[in-house]
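**Q** Generate coordinates for the sequence data below:
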Amino acid sequence: DETEEPNGAEGDADASAAAINPNSKKAKLQERLLKLKMKMNQSRQLNKKEVLSEGERFGSKEAQIQYRKQTSKQDKFRKEQEFNQVHAKSKISADLSKQQKKAMMQSGDE
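**A** The predicted model follows:
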């Protein structure tokens, strides 16, 4: 009893009320808050772990070279995709006949 906090009676009342009625609005809110805190803690721990492993990966010259190669390959692929997407319309219009192109130009002017 000597280790009891000064506001322990109030905290005990809240805990007992939540224990008595687990479907109360306050109990549901506290449960959601607890789950959120646990999720945030887990995310923080995973992030810390990832940062440490990333530091180990990029610590060597070989890892840095491999990372640069990988990112440049991804950038090249992305640029090719963008180019093809932008120029897809011009490829379609190249296949059209002169009459079809003229009809498209006229309908655009109207």
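
**Q** And residue 27, how far from residue 21?
**A** Using CB to CB, to the nearest Å, we find residue 27 at a distance of 7 Å from residue 21. Placement of C-beta: from N, CA and C, glycine included.

**Q** do the same with residue 61
**A** Counting by CB to CB, the gap from residue 61 to residue 21 is 63 Å.

**Q** more neighbours, those two?
**A** Set side by side, residue 61 and residue 21 show more neighbours around residue 21, with 11 against 8, by other CB atoms under 10 Å.

**Q** if I pick that one, what's in contact with it?
**A** residue 27 (CB atoms under 8 Å, 6 or more residues apart in numbering).

**Q** Helices along this structure, start to end?
**A** For the chain, the helices defined by DSSP state H cover 8-20, 25-57, 61-94, 98-109.

**Q** Quick check: phi and psi at residue 24.
**A** Here is the backbone geometry of residue 24 (degrees, to the nearest 10): phi -70, psi 160.

**Q** residues near it, how many?
**A** With other CB under 10 Å as criterion, residue 24 counts 12.

**Q** Next one: it from residue 34, what distance?
**A** 15 Å.

**Q** Repeat that for residue 43.
**A** 15 Å.

**Q** pLDDT below threshold where in this structure?
**A** 1-20, 89-99, 101-102, 104-110 (pLDDT under 70).

**Q** Please repeat the previous calculation with a cut-off of 50.
**A** Residues of the chain meeting the criterion pLDDT under 50: 1-2, 4-5, 8-10, 17-18, 110.

**Q** Tell me how many other residues crowd residue 36.
**A** 10.

**Q** no wait, residue 63
**A** Applying other CB under 10 Å, I find that residue 63 has 13 neighbouring residues.

**Q** Leaving out the residues flanking it, which one is nearest to it?
**A** Of all residues not flanking residue 63 in the chain, residue 57 sits nearest, at 5.0 Å (CB to CB, 6 or more residues apart in numbering).
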